[in-house]
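>>> sequence? don't have it. structure:
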């Protein structure tokens, strides 16, 4: 392969990386804020979130899950920072299940609405409950999130 082609590809990769990092740099849980009449019911730090249903599962470790009276906000700890990057914003009081792909592309995190009955629990191999959230069909079907947490009883109290 020609060295010029490699340099052009590498430069393009760097430019796109810089553009995306600047575009999404303020998408942290600290900058999202709460809606009007919204309050945090509880916060779960150090949760493990896994998204199923893709060619390869996506795992986010060191996540902060904030459950409010209207939404579930899932963010992941940024390496070498005290901030958390938003990954999912879930409206669980919606009348219709949908995924907002337009705003997802603008914000950099997945925004979707579900019915609260889409949140279930499942016993894992270690004998603890995992929280499962079914993602509405958008590009592919059968996508879901699994929250591995040490405080599943809080989720059961407020969501199940």
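Cool, the structure landed. These figures come from a predicted structure and were not determined experimentally.
>>> only C-alpha atoms for contact and neighbour calcs from this point on.
Fine.
>>> contacts only, for the closest residue to residue 75 other than its chain neighbours.
Sequence neighbours aside, residue 86 is the residue nearest to residue 75 in space, at 4.1 Å (criterion: C-alpha to C-alpha, 6 or more residues apart in numbering). When contacts are counted by C-alpha atoms under 8 Å, 6 or more residues apart in numbering, residue 86 touches 27-29, 73-76, 108-109.
>>> repeat the analysis, applying 6 Å as the threshold.
Residue 86 is in contact with 27-29, 75, 109, counting by C-alpha atoms under 6 Å, 6 or more residues apart in numbering.
>>> farthest-separated two in the residues you listed?
29 and 109 (11.0 Å; C-alpha to C-alpha).
>>> in TSV: the contacts of residue 86, plus secondary structure, neighbour count and pLDDT.
Converted to TSV, these look like this (DSSP: H, G, I helix; E, B strand; the rest coil; neighbours: other C-alpha atoms under 10 Å; pLDDT from 0 to 100):
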residue	secondary structure	neighbour count	pLDDT
27	coil	18	75
28	strand	18	76
29	helix	21	73
75	strand	28	91
109	coil	19	83
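>>> show me the shaky parts of this protein.
1, 21, 23-25, 95-98, 100, 137-142, 160 (pLDDT under 70).
>>> what's the longest strand in it?
What stands out as the longest strand in the chain, according to DSSP state E, is strand 40-52.
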